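Asker: Provided below for reference: sequence and predicted model.
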Amino acid sequence: MALNRTLAALSFLAAAIVLVMVAAILATGFFSQEFFELGPSPALVADQLRDQPIVVYSAFFVLLAVRLRPLLSPVIIAVALAALLLTALLDAVENHHICSCCTIFSTARRSRPKSCNGRW
């Protein structure tokens, strides 16, 4: 029973995070993930909005695999869970690369060389 409650809580938490992200997109007029890439601090955006859904949906699917263990074949559960955790890993790596690029671009904009002969 506690496992079912935890699964329900994680699913509601994931839905709430998605609703906050959609509300932020609609409120700012950005209709892509550009809102999360152009935030005031790329590190803050990455920590607050990008990584939370990954942790929540990974935990949800691990607990769902535990919950479905008596009902399904262990091979099916192992393959599905491995695919979902690989997706979470790739999502985290993508977020890291996007955040790194945003940091590099924002640093480059602030520190333009003084003597570039009017070009940059």
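Answerer: That came in fine, so what should we check first?
Asker: the helix or strand bottoming out on mean pLDDT in the chain: what's the following helix or strand?
Answerer: Among the helical and strand segments of the chain, the one scoring lowest on mean pLDDT, DSSP states H and E is helix 42-45, with a mean of 51. Per DSSP states H and E, the first helix or strand lying C-terminal to helix 42-45 is helix 51-68.
Asker: kindly export stretch 56-67 (C-alpha atoms) in CSV.
Answerer: The C-alpha coordinates for stretch 56-67 follow below in CSV (Å, rounded to 0.1, in the frame of the first residue of the first chain):
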residue,chain,number,x,y,z
VAL,A,56,11.2,12.2,-10.4
TYR,A,57,10.5,10.1,-13.5
SER,A,58,13.5,7.9,-12.8
ALA,A,59,12.3,7.2,-9.3
PHE,A,60,8.8,6.6,-10.5
PHE,A,61,9.8,4.0,-13.1
VAL,A,62,12.1,2.2,-10.6
LEU,A,63,9.3,1.9,-8.1
LEU,A,64,6.9,1.0,-10.9
ALA,A,65,9.2,-1.9,-11.9
VAL,A,66,9.3,-3.0,-8.2
ARG,A,67,5.5,-2.8,-8.1
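Asker: what residues of that stretch count as buried?
Answerer: Buried residues in stretch 56-67, counted by 16 or more other CB atoms under 10 Å: 56-61, 64-65. Just so you know, the C-beta spots here come from the backbone N, C-alpha and C atoms, and that holds for glycine as well.
Asker: and if you look at stretch 62-82?
Answerer: Across stretch 62-82, burial judged by 16+ other CB under 10 Å covers 64-65, 77, 81.
Asker: assign Leu71 to helix, strand or coil.
Answerer: What DSSP: H, G, I helix; E, B strand; the rest coil gives for Leu71 is coil.
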